[in-house]
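> Quick one, fold the following:
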Amino acid sequence: MKMLKLFAVLLPMLWLAACSSSPEKGMEGDVAVEDLSAETAGVRGQGADGEDMGAETKVVVGEDQYMGNELNDPSSPLSNRVVYFEYDSATVRVEDQETLQAHAAYLAKKPNLTLRLEGHTDERGAREYNLALGERRALSIRQILMLQGASINQFQVTSFGEERPAEEGSSEYAWSQNRRVELVYIGR
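Below is the predicted model of the structure:
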């Protein structure tokens, strides 16, 4: 009887071990090695005009001259892709106007580019209210960008409400970091 119980326990474990798959990439000794570079992790891509949309920053060449995607140029307002909001507000702050003007001009000259506007809130308030507030925030950014030259076809609007905080915690600092719209470029 003990042998039957032992067999009943070991058989499923052996079966699971035999069915498990190894990583797609090579093996080094007895340790599986997975390639987690940006190219294989799906981080990189190209926009419709062939421009690199990857997350990696290009190498700076020359004297104080940035060579690469202007979205990643640290001296450009395009590198700022987060707009913050006051408590319970969907009104864009004055200090974010220059950034939004730069994004509108960039979208106007690249009509095949899509921008996903992701609205977020802090944890205070009901879930449904926060989803609606996140959407209002994203729509207010879209309206400003459209008034400055971007096309309505270039936008996807999404609200995550309080579900994806940038900063964990229940402090004024955490709340201020979570009341935001993130501008996420996607190539078509």
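
> Give me the buried positions along the longest helix anywhere in the chain.
The longest helix of the chain (DSSP state H) is helix 127-147. Neighbour-count burial for helix 127-147 flags 130-142, 144-146 (criterion: 16 or more other C-beta atoms under 10 Å). (Glycine included, C-beta is placed from N, CA and C.)

> Tell me the one among those residues nearest to residue 88.
residue 133 (7.2 Å; C-beta to C-beta).

> Pull up the gap between that closest one and residue 173, please.
19 Å (C-beta to C-beta, to the nearest Å).

> Equivalent analysis for residue 103, please.
On the measure of C-beta to C-beta, residue 103 and residue 173 end up 26 Å apart.

> Those two: who's more crowded?
residue 103 (24 against 9; other C-beta atoms under 10 Å).

> Quick check: the more buried one touching residue 79?
No: using C-beta atoms under 8 Å, residue 103 is not in contact with residue 79; the gap is 10.6 Å.

> residues contacting the closest residue in space to residue 142 that isn't next to it in sequence?
Nearest residue to residue 142 in three dimensions, chain neighbours excluded: residue 155, at 5.1 Å (C-beta to C-beta, 6 or more residues apart in numbering). Counting by C-beta atoms under 8 Å, 6 or more residues apart in numbering, residue 155 touches 114-117, 142, 145-146.

> Throw the residues you listed into CSV and include pLDDT, thanks.
As requested, these are exported to CSV (pLDDT from 0 to 100):
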residue, pLDDT
114, 95
115, 96
116, 97
117, 98
142, 97
145, 97
146, 97
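
> So which of the residues you listed is the closest to residue 108?
In terms of C-beta to C-beta, no member of these lies closer to residue 108 than residue 145, at 9.1 Å.
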